[in-house]
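> Sequence and predicted structure, then a few things I'm wondering about:
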Amino acid sequence: MPVTVKLDDILYQRRMTLTDLADKVGITLANLSVLKTGKARAIRFSTLEALCAALECQPGDLLAFEPGPVAEGREGKAA
């Protein structure tokens, strides 16, 4: 997937566990785990906003674009 989530890096820098973040943000540990492992296919802006507020970071600190093949079924589709 061309967009990766760098949650592991941010948590390490902040010396914070996923459980700490879940408690602070109010997002289930299961949902954060899906995001952290790269299995999430989408993220809501409200979730991204809550994560950035809790981690005191910008969206670009959490997400990275790595050029590669486009996900199947996404060729030529606009957001």
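Sure, I can see it.
> just how off-centre is the lowest-mean-pLDDT helix or strand in the chain within its chain?
Within the chain, judged by mean pLDDT, DSSP states H and E, the helix or strand with the poorest mean is strand 3-5; its value is a mean of 92. The chain centre lies 7 Å from the centre of strand 3-5; the measure is C-alpha atoms, centre = their mean, to the nearest Å.
> as a whole number, average confidence for the helix or strand containing D8?
Following DSSP states H and E, one finds D8 within helix 7-14. The average pLDDT for helix 7-14 rounds to 95.
> Now do the buried residues in the helix or strand following that helix.
Sequence-wise, the next helix or strand downstream of helix 7-14 (DSSP H and E) is helix 18-25. Residues L18, L21, A22, V25 are the ones in helix 18-25 that count as buried (16 or more other C-beta atoms under 10 Å). Heads up, the C-betas are built off the backbone N, CA and C, glycines and all.
> Which helix in this protein has the most residues?
Identified as the longest helix of the chain according to DSSP state H is helix 45-55.
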